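>>> Let me see the structure of the following:
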Amino acid sequence: MARINLVPRSERPRTTTDVGLLAMVGLLIVVFFGIGFGHYLFQGVRDDREQELADLKQQTAALQAQVAALEQYEDLQAQRQDLQAVVQGIYASRTLVAEVLDAISLVVPENVWFQSLTLSTSDPSLVQQNADVRVSGSDNKLRIEGQTYAFEDVARVVVRLQLLPSLKDVELSSAARVREAAPGVLEVKGFTLGATVVNVHAADAVLPLSEVEVDGL
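This next block holds a predicted model:
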């Protein structure tokens, strides 16, 4: 059954709309919506930044591994360079006996012959200064015992040996007649001399090989 309001319209209570309250409610809705939307946006930005940070950390770790590997190669390169310096010094400081003997053979007169030739040396001592490695050659001593027919030839041998750059301190130790000669036979004179063999190679002599191979390179 339908209900009929019998109160006159003018007497009925009037309802009023609270505009301020509605505005506040609407503002709160807008604020909460803005907060939620902003949180959503910032959450996405934060996720992107976290992903970028993770990628950056991964790249940094990879770069650190590469740097460690390069440092290892740098250490090996330094070892190779040090070894090359040592070998270079030894090579430049060596004294070739064949060269010394060849030079001596070119200055000995035909009427002089050697009975013995002795070359004595001590263990090479490496001397390193300012990255230059040299081998001491002051202990390389040469002793020659020979014979000839005249003391003038002995003096000639001494003078010629003194002109060789690979020999220094050439001194005659003794010279005397070996034995009495028969009539009509040339008298033999014996002599003994000593010298020091020195290195004549330049300190920057080029190695026969361009590089020194090092195990592990």
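
>>> can you tell me the average pLDDT over the longest strand along the chain?
Under DSSP state E, the strand in the chain containing the largest number of residues is strand 167-177. Averaged over strand 167-177, pLDDT sits at 91.

>>> Residues touching it, excluding its own?
By Cβ atoms under 8 Å, 6 or more residues apart in numbering, the surrounding residues in contact with strand 167-177 are 100, 104, 142, 151, 154-155, 158, 161-162, 187-198. Where you see a C-beta, it was placed from the backbone N, CA and C, and this is true even at glycine.

>>> All the helices of the chain, residue numbers only.
19-93, 97-107, 151-162 (DSSP state H).

>>> how about the ones you listed in CSV, adding mean pLDDT and mean neighbour count?
Converted to CSV, the helices of the chain look like this (pLDDT from 0 to 100; neighbours: other Cβ atoms under 10 Å):
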stretch, mean pLDDT, mean neighbour count
helix 19-93, 80, 11
helix 97-107, 86, 13
helix 151-162, 92, 16
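
>>> quick one, which of these is nearest to Q115?
Nearest of the helices of the chain to Q115, taken as Cβ to Cβ: helix 151-162 at 13.1 Å.

>>> Now do the closest one against helix 97-107, angle only.
Orientation of helix 151-162 against helix 97-107 (axes from the mean of the first three to the mean of the last three Cα atoms, to 10 degrees) gives an angle of 140 degrees.

>>> so what secondary structure elements neighbour helix 151-162?
If contacts are counted by 3 or more Cβ pairs under 8 Å, 6 or more residues apart in numbering; DSSP states H and E, helix 151-162 sits against helix 97-107, strand 141-148, strand 167-177, strand 189-197.
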